[in-house]
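Undergrad: From the sequence below, what's the structure:
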Amino acid sequence: MNILVFKTDLQNQQQLGHIGPALSMHPQIIRWNVDLEDCDSILRVVPGNVSAKEVEQILVRAGHHCEELV
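TA: Just a heads-up that it's a prediction; the model follows:
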């Protein structure tokens, strides 16, 4: 199973509420989670047929920083 991993600037549940619907409703994102305890607020995405760039754009449109870790 492929997992996309991103460093974000997310800091709290309220910010997760801003990005959550867009990630959850995307037809090509199977599952996602954010580790707010990690210093880099790691976002993990189990993709169907979605690119890392698309995931980054979802967060940027919501006003957050998102950078794929490779």
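Undergrad: Which of the helices or strands spans the residue nearest to the spatial centre of the chain?
TA: In the chain, the C-alpha nearest the mean C-alpha coordinate belongs to residue 43, at 4.6 Å (C-alpha atoms, centre = their mean). Following DSSP states H and E, one finds residue 43 within strand 42-47.
Undergrad: List the contacts of that strand.
TA: Contacts to strand 42-47, defined as C-beta atoms under 8 Å, 6 or more residues apart in numbering, come from residues 1-8, 10, 23, 28-35, 55, 59, 66, 69. In short, each C-beta sits where N, CA and C put it, glycine included.
Undergrad: ok, 10 Å please
TA: Here strand 42-47 makes contact (C-beta atoms under 10 Å, 6 or more residues apart in numbering) with 1-8, 10, 16, 19, 23, 26, 28-36, 52, 54-56, 58-59, 64, 66-69.
Undergrad: Which strands border that strand, and is each parallel or antiparallel?
TA: For strand 42-47, the paired strands and their directions (DSSP bridges) read strand 4-8 (antiparallel), strand 29-35 (antiparallel).
Undergrad: Let's have these in a markdown table, adding mean pLDDT and mean neighbour count.
TA: Shown next, in a markdown table, are those (pLDDT from 0 to 100; neighbours: other C-beta atoms under 10 Å):
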| stretch | mean pLDDT | mean neighbour count |
| --- | --- | --- |
| strand 4-8 | 98 | 19 |
| strand 29-35 | 98 | 16 |
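Undergrad: Using JSON lines, please lay out the ones you listed together with distance to residue 48.
TA: JSON lines is the format used below for those (distance: least, C-beta to C-beta, whole Å):
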{"stretch": "strand 4-8", "distance to residue 48": "11"}
{"stretch": "strand 29-35", "distance to residue 48": "5"}
